[in-house]
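Novice: need a 3D model of the following:
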Amino acid sequence: MYYVYIITDGKGQIYTGYTSDLKERLTAHNQGKNRSTRRRKWKLVYYEAYKSEQDARKREYHLKKSGQARRWLKERIKMSLNFSKDS
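Specialist: So this is what the prediction gives:
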């Protein structure tokens, strides 16, 4: 399985990525192994699962490049994003 995921640092920062191992990737983000997510604690707030790596990559690309897709997804997971700020 391949996953497209959304993580947040609870202060409004959101990061979108894809991986084949969601648990390991979140650990890597929190251990500072990714340059763009260093020095912050991240929480998983959303993910989508795909059988095809190509489908997951296309979805990640679409979410990163399309402002409308990002806005739609943020609206869809609004409560999850707000919850992460509180916890």
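Novice: show me where pLDDT drops low in the protein?
Specialist: Within the chain, the ranges that satisfy pLDDT under 70 run 83-87.
Novice: which parts of it are helices?
Specialist: Counting by DSSP state H, the chain has helices at residues 22-30, 53-65, 67-76, 78-86.
Novice: in TSV, list these along with mean neighbour count and distance to I6.
Specialist: Backbone N, C-alpha and C define where each C-beta goes, glycine included. Below are the helices of the chain laid out as TSV (neighbours: other CB atoms under 10 Å; distance: least, CB to CB, whole Å):
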stretch	mean neighbour count	distance to I6
helix 22-30	16	11
helix 53-65	15	8
helix 67-76	12	7
helix 78-86	13	8
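Novice: can you put these in JSON lines and add distance to K41?
Specialist: Below are the helices of the chain laid out as JSON lines (distance: least, CB to CB, whole Å):
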{"stretch": "helix 22-30", "distance to K41": "6"}
{"stretch": "helix 53-65", "distance to K41": "22"}
{"stretch": "helix 67-76", "distance to K41": "20"}
{"stretch": "helix 78-86", "distance to K41": "10"}
